[in-house]
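Asker: Let's see this in three dimensions:
(one chain, ligands or ions: 1)
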Amino acid sequence: MAGPRSANSRLPGAASSARGTIVLVAALAALVPAGCAGGQESPPASAPAPSVEATPPSSVPEGAPGAAPAGGGSAYVATAVDNAGRIAGRVVYKGTPRPPRPIQATKDHAVCGAVAHTDESLVVGKDGGVRYAVVSIGPIGHGKSWSSAAQPSLDQHGCWFIPHVQVIPAGATLDVINSDGILHNIHTYPKHNPPANMAQPKFKKVLHLPFAAPDLVRVNCDVHSWMQAWIVVASHPYYAVTDRTGAFSLDGVPPGTYTLTAWHETLGTRGQPITVPAGGVAEATIILQE
Ligand SMILES: [Cu+2]
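Answerer: Okay, the predicted model is just below:
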């Protein structure tokens, strides 16, 4: 059914006037010099003027979430990293963001309406910081190992997916948890992994979803149309999700030059070059716009 979230639920490949607008913006951004595309937001003085590219959310360029590994599919190799550097920066929205839209729970009110939620498809904080952007570098064939993170999970709590956006390693199995004690439904829209569409009744507390291949996966609940999350299945550990200030940090980076890419579900993808000094910090500001 057409829920209140549908307008922002841009299916990969789905045609819409909104997407058309983004395509146009992306095309224009690709034509103008980098300094113009970046508007008034200037990168740190130490950073070179970036060349930029912007693509709609449904497109997956190399280096972005869900892109095939560089080097014709060669696998990432974890090694010791000498003189590792760090990338620190922010993803910033250009323009005046629309106000957060309250979510109207249209069923299961006792559970779904217990806590007020607002739409998370574009969350812009103070100073234009964009939350829930996924920042990564590439191509990179070797580097640090994945940190021994806890088992990745996606919780359904108050008819809300928590977290809204997360990065998991390719080959991981995601625990999908039903904390609500009501019927939910897990419906995934992958490009490189088998899709899932299964009910999760109240007695089924955990479902296990394996993701073998790098991917960018939208997740919906067909019972509650406003529920949406994103899973980035990554081929290497140099990924980060921006916080509510738009900040991110990537550490343990082998010195060198990469493409630094930010992806956001509504604002699309933008890449710019970055050089990480041996044992030092490279700073970057990535500007996204609708
Ligand atoms: Cu649900």
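
Asker: Looks like Asp180 contacts Pro201 (just checking).
Answerer: No - with contact defined as Cβ atoms under 8 Å, Asp180 does not reach Pro201; the gap is 10.8 Å. Every residue, glycine included, has its C-beta placed from N, CA and C.

Asker: what about these two, which has more around it?
Answerer: Ranked by neighbour count (other Cβ atoms under 10 Å), Asp180 and Pro201 place Asp180 first, with 20 against 12.

Asker: Distance check, the residue nearest to the more buried one when sequence neighbours are not counted against Gly271.
Answerer: Once flanking residues are discounted, Asp180 sits nearest to Val111: 5.2 Å by Cβ to Cβ, 6 or more residues apart in numbering. The spacing between Val111 and Gly271, counted by Cβ to Cβ, to the nearest Å, is 41 Å.

Asker: Looking at the two, which is more packed in?
Answerer: The neighbour comparison of Val111 against Gly271 (other Cβ under 10 Å) goes to Gly271, with 25 against 19.

Asker: Wait, a strand at the more buried one?
Answerer: Yes - according to DSSP: H, G, I helix; E, B strand; the rest coil, Gly271 belongs to a strand.

Asker: circling back: what's the helix or strand for the residue nearest to Asp180?
Answerer: Using DSSP states H and E, Val111 maps to helix 109-112.

Asker: Could you verify my assumption that Val91 touches Arg244?
Answerer: No - using Cβ under 8 Å, Val91 is not in contact with Arg244; the gap is 11.5 Å.

Asker: who has more neighbours, those two?
Answerer: Val91 (29 against 13).

Asker: With just CA atoms, put the strand or helix carrying that one into CSV.
Answerer: Assigned by DSSP H and E, Val91 falls within strand 85-93. What follows is the C-alpha trace of strand 85-93 in CSV, where atoms were taken according to Å, rounded to 0.1, in the frame of the first residue of the first chain:
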residue,chain,number,x,y,z
GLY,A,85,47.0,7.6,8.5
ARG,A,86,43.5,8.8,9.2
ILE,A,87,40.7,10.6,7.3
ALA,A,88,38.5,12.9,9.3
GLY,A,89,35.7,15.0,8.0
ARG,A,90,32.1,15.8,7.6
VAL,A,91,29.3,15.3,5.1
VAL,A,92,27.5,18.6,4.7
TYR,A,93,24.2,19.5,3.1
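
Asker: give me phi/psi at Ile168?
Answerer: Note on Ile168: backbone dihedrals following degrees, to the nearest 10 are phi -130, psi 150.

Asker: That one: neighbouring residues, count only.
Answerer: So Ile168, with other Cβ under 10 Å, has 23 neighbours.

Asker: Identify the residues contacting it.
Answerer: Counting by Cβ atoms under 8 Å, 6 or more residues apart in numbering, Ile168 makes contact with 152, 174, 211, 231-234.

Asker: Buried ones among these?
Answerer: Listed as buried from the contacts of Ile168 are 152, 174, 211, 231-234; burial here means 16 or more other Cβ atoms under 10 Å.

Asker: In TSV: the residues you listed, plus distance to Arg98, secondary structure and pLDDT.
Answerer: Formatted as TSV, the buried ones among the contacts of Ile168 follow (distance: Cβ to Cβ, whole Å; DSSP: H, G, I helix; E, B strand; the rest coil; pLDDT from 0 to 100):
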residue	distance to Arg98	secondary structure	pLDDT
Pro152	31	coil	97
Leu174	31	strand	98
Phe211	32	strand	98
Ile231	25	strand	98
Val232	24	strand	98
Val233	30	strand	98
Ala234	30	strand	98
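
Asker: ok, the most centrally placed residue in the chain - contacts?
Answerer: Nearest to the mean C-alpha position of the chain, by Cα atoms, centre = their mean, lies Val134 at 3.7 Å. Shown in contact with Val134 (Cβ under 8 Å, 6+ apart): 65, 165, 167, 232, 239-242, 262-264.

Asker: Just list whatever residues bridge to it.
Answerer: On the basis of DSSP bridges, Val134 is bridged to Val241, Trp263.

Asker: Check Met198 too.
Answerer: Beta-bridge pairing for Met198 (DSSP bridges): Ile186.
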